[in-house]
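**Student:** When you get a sec, could you give me coordinates for this:
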Amino acid sequence: MLLRKRLFAGAALAAPALFTSAAQAQQNGPITTADIIKRGKARIGVVTGAPPFGMVDPQGNAIGYDIDVSNLLAKYLGVPAEISSLTPPSRIPALESGKVDFLCATLGATPERARTVMFTMPYSAFRMMIMAKKDSQIAKLEDLVGKKVGVPRGTPQEQALVRKAPKGTQIVRFEDDATSAQALIVGQIDACGIPDTIGGEVAKTRPEAGLENKFLLFNQPNCMTVRKDQFELRQWLQNTIYFMKGNGELDELSTKWTGSPLPADLAVF
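**Tutor:** Next comes the predicted model:
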C-alpha cells in the first residue's frame with residue numbers, strides 16, 4: 001500500500017511537468033497560415049535599429065519599410081500584425097522560441113544561418129558600406145589596417161569583415177547598426193560596416209557628425225525567415241512576396257522609405 005501511495009504521489013508530481021512539456025511542444029510546433037488566421041493576429045519580428053527599414057517614431061511606435069511590409073502581409077492573411085521589435089542577435093532566438101511566427105527583419109541568408117532556419121526569396125536589399133568621417137583617409141579595405149571598425153554581432157557585415165579585412169583591423173562588435181553608428185559619431189571607432197540606406201539616414205539626421213559612406217563592402221539581399229519546420233508558411237510567404245513584387249507594392253514601399261524602388265536584379269529563388 002505504501003509503495004502504491006508513493007507511485008501515485010510521484011505520478012501526481014510529474015503530471016504538471018508533462019503538461020508543461022506538452023504545452024511547450026505544441027507552442028513551438030510548426031505554425032501554419034491557418035493557425036495564424038485562427039489566432040486572429042500575425043506575430044512578426046522586425047529590427048527597429050535599422051532605419052529606414054525599422055525605427056521608432058517620437059511616439060514610440062515602430063515604423064519603416066519592414067513594418068509596412070509586415071502590415072501588408074498581415075492584411076493578406078486577413079488579420080492585424082503584432083510587431084515585435086528585436087535586435088539583430090535576438091532575431092533567430094525569438095523565432096525559434098515561438099515568440100514570433102516569422103521574421104521580416106533585414107536578415108541576409110547565409111549557409112550558417114540556413115542550418116538553423118529557412119529563408120524566403122529576397123523582399124528587400126541594401127548595399128553594405130564602410131562609413132567613416134568625411135575627413136577620414138579611409139577609401140579602401142587596405143586603409144582599415146590599425147583602425148577600429150564597428151559592426152553588429154552575428155551579421156553578414158561582421159562575417160564579411162572577418163573574411164575580407166586586412167590583418168591589423170580591429171573589429172568592434174555592437175548590438176545593432178544604430179549603436180555602431182553612434183559609436184562612430186562619438187569617436188569610439190574609426191569606421192563601421194553599415195547598409196547604405198541606414199548610413200545615409202544617419203548622415204542626414206546627424207549632419208554635425210560629418211559622416212559619409214566610403215566604399216562598398218558587399219551587396220546583401222534580405223529575406224524573410226521561418227523555422228525549419230514551417231514549410232507551409234514559407235511557401236505562402238514565397239508566393240506573396242512574388243505577388244507583391246509583381247503588382248508593384250514592394251516597389252512603392254521601397255520608394256516611400258528609401259527613395260528608390262527595389263533593385264532590378266533582386267534575386268528570386
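
**Student:** Can you tell me the centre-most residue of the chain?
**Tutor:** Among the residues of the chain, Ala105 comes closest to the average C-alpha position under C-alpha atoms, centre = their mean, at 2.8 Å.

**Student:** show me the residues around it that make contact.
**Tutor:** Gly45, Val46, Val47, Gly54, Asp66, Leu86, Pro88, Arg91, Thr225 (C-beta atoms under 8 Å, 6 or more residues apart in numbering). C-beta coordinates here come from the backbone N, C-alpha and C atoms, glycine included.

**Student:** Need the three-state assignment for it.
**Tutor:** strand (DSSP: H, G, I helix; E, B strand; the rest coil).

**Student:** so the residue lying closest to it once chain neighbours are set aside bridges to which residues?
**Tutor:** The shortest distance from Ala105 to any non-neighbouring residue, by C-beta to C-beta, 6 or more residues apart in numbering, is to Val47 (4.6 Å). Beta-bridge partners of Val47, counted by DSSP bridges, are Leu86.

**Student:** what are the ranges of the helices in the stretch 1-150 of the chain?
**Tutor:** Using DSSP state H, counting those that start in this stretch, the helices assigned to the stretch 1-150 of the chain run over residues 2-27, 33-39, 65-77, 91-96, 111-114.

**Student:** For the second one, C-alpha coordinates in CSV please.
**Tutor:** Listed in CSV are the C-alpha atoms of helix 33-39, where the atom choice follows Å, rounded to 0.1, in the frame of the first residue of the first chain:
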residue,chain,number,x,y,z
THR,A,33,-1.3,30.3,-42.1
ALA,A,34,-4.5,28.6,-40.8
ASP,A,35,-3.1,28.8,-37.2
ILE,A,36,-2.3,32.5,-37.6
ILE,A,37,-5.8,33.2,-39.0
LYS,A,38,-7.5,31.2,-36.2
ARG,A,39,-5.4,33.1,-33.6
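
**Student:** mind listing what's buried in that helix?
**Tutor:** Neighbour-count burial for helix 33-39, with 16 or more other C-beta atoms under 10 Å as criterion, is recorded at Thr33, Ile36.

**Student:** ok, back up a step: now for the contacts of Ala105: which two are most distant?
**Tutor:** Gly54 and Thr225 (14.4 Å; C-beta to C-beta).

**Student:** quick revisit: where among the helices of the stretch 1-150 of the chain is the average confidence lowest?
**Tutor:** Sorting the helices of the stretch 1-150 of the chain by mean pLDDT places helix 2-27 lowest, at a mean of 38.

**Student:** Please enumerate residues in contact with stretch 57-74?
**Tutor:** 41-42, 44, 46-48, 50-56, 80-81, 83, 85, 104-106, 123-124, 237, 240, 244, 249-250, 253-254, 256-258.

**Student:** now what about stretch 246-261, what contacts it?
**Tutor:** By C-beta under 8 Å, 6+ apart, the list of residues contacting stretch 246-261 from outside reads 52-53, 64-65, 68-69, 72, 123-124, 197, 241, 244-245, 262.

**Student:** Pull the contacting residues for Ala109.
**Tutor:** Contacts of Ala109 by C-beta under 8 Å, 6+ apart are Phe119, Pro221, Cys223.

**Student:** distance of the last one from Met121?
**Tutor:** Right, the one you point to is Cys223. As judged by C-beta to C-beta, to the nearest Å, Cys223 and Met121 stand 7 Å apart.

**Student:** Comparing these two, which residue is more hemmed in?
**Tutor:** Cys223 (28 against 18; other C-beta atoms under 10 Å).

**Student:** how much space between that one and Ile241?
**Tutor:** Look at Cys223 and Ile241: by C-beta to C-beta, they are 9 Å apart.
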